[in-house]
Structure formats: structure tokens, C-alpha cells
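Colleague: show me the folded form of this:
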Amino acid sequence: MPVLTEPPSMGDVLKYEVNPNYTREVITVLAGMPYPVGAVLGRITASGKYKLATSGGTDGAQTASAVLLYAVDATLADATGIVVARGPAIVSRAGLAYDATVDDAAKITTKISQLAAAGIIARDGV
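Modeller: Below you'll find the predicted structure:
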């Protein structure tokens, strides 16, 4: 019998939110790549668009401010996504996806702290 593998879903990332009408936002993600469920995003100050939160830079996206709830394919053009933008909310730490520049424990801790400043708390084992 074949093994069926299910891709990650919103339920793998979002574990609690006080009220979806308050915590979620519809946003525009920057073209250039597919964004996975659980992507940790930062907002580009000049355009208001979101991209993966980087560990450096000066465009505003270096500060993690949202978590993507559904996968978005923005390979060819900007696309619309739904994020948790404010808390109270709890996300699974294991379900988060980071930019390639966020490549060690200290940088991940920084991104998690930035999300916590927005009321989005990352927990282990939830």
C-alpha cells in the first residue's frame, strides 16, 4: 500500500489565536519565490509588501512581524496571503519557516523575539 504524505497546513503552525478577525491580515507578498506555510515574514517599509524576514538589511523586512498561514506561490508576480499579524496568538516553533540568512539558533531566537513583540508567541511541542 502506498504511503500518503500530506503537506504542512495552517493547523501545523497556528495553535491558538484570540479572534481571527483581530489577529489576521490579508497582505501582499513580494514576487520571486513560493512562500511556505509558516513563513516568518517582515514588512518592507517602502512598499508595504512582505517577504521572508532576513537577518540583515535595511528595508524593514529584517524585523519579523507576521506568520503566513497558507502557502502562497509568488514565483512570477506579487500575490495575496493571509497572515497572523498580531496576538494574542500561539504558533508552533517547529512549524515556522525562515529565510536562508536566518541560519543559526541566535538568529532564530531574534526572529521569535520580534514575533513576540507583536504578541505572536512561538512554543515548542504544541
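Colleague: going forward, measure contacts and count neighbours with C-alpha atoms only.
Modeller: Will do.
Colleague: let me see the contact set for the spatially closest residue to residue 96 that is not a sequence neighbour.
Modeller: Nearest non-adjacent residue to residue 96, counting by Cα to Cα, 6 or more residues apart in numbering: residue 38, 4.5 Å away. For residue 38, the contacting residues are 10, 13, 67, 68, 69, 70, 95, 96, 97, by Cα atoms under 8 Å, 6 or more residues apart in numbering.
Colleague: the residues you listed in strands, which ones?
Modeller: 67, 68 (DSSP state E).
Colleague: and which of the contacts of residue 38 is nearest residue 120?
Modeller: residue 67 (8.5 Å; Cα to Cα).
Colleague: and the closest one, how many neighbours?
Modeller: 27 (other Cα atoms under 10 Å).
Colleague: how confident was the prediction at it?
Modeller: What the model reports as pLDDT for residue 67 is 98.
Colleague: right, and residue 93 touches residue 123 too?
Modeller: Yes - counting by Cα atoms under 8 Å, residue 93 touches residue 123, with 5.3 Å between them.
Colleague: neighbour-wise, which of those two wins?
Modeller: residue 93 (19 against 14).
Colleague: tell me the secondary structure at residue 110.
Modeller: Here residue 110 is recorded as helix under DSSP: H, G, I helix; E, B strand; the rest coil.
Colleague: ok, now residue 37?
Modeller: coil.
Colleague: which residues touch it?
Modeller: Applying Cα under 8 Å, 6+ apart, we find residue 37 in contact with 8, 9, 10, 13, 68, 69, 70, 71, 72, 95, 96, 97.
Colleague: for it, give its distance to residue 84.
Modeller: Residue 37 sits 11 Å away from residue 84, going by Cα to Cα, to the nearest Å.
Colleague: pLDDT below threshold where in this protein?
Modeller: Residues of the chain meeting the criterion pLDDT under 70: 126.
Colleague: tell me where it has helices.
Modeller: Under the criterion DSSP state H, the chain contains helices at 10-13, 20-23, 105-117.
Colleague: so which of those comes closest to residue 56?
Modeller: helix 105-117 (9.9 Å).
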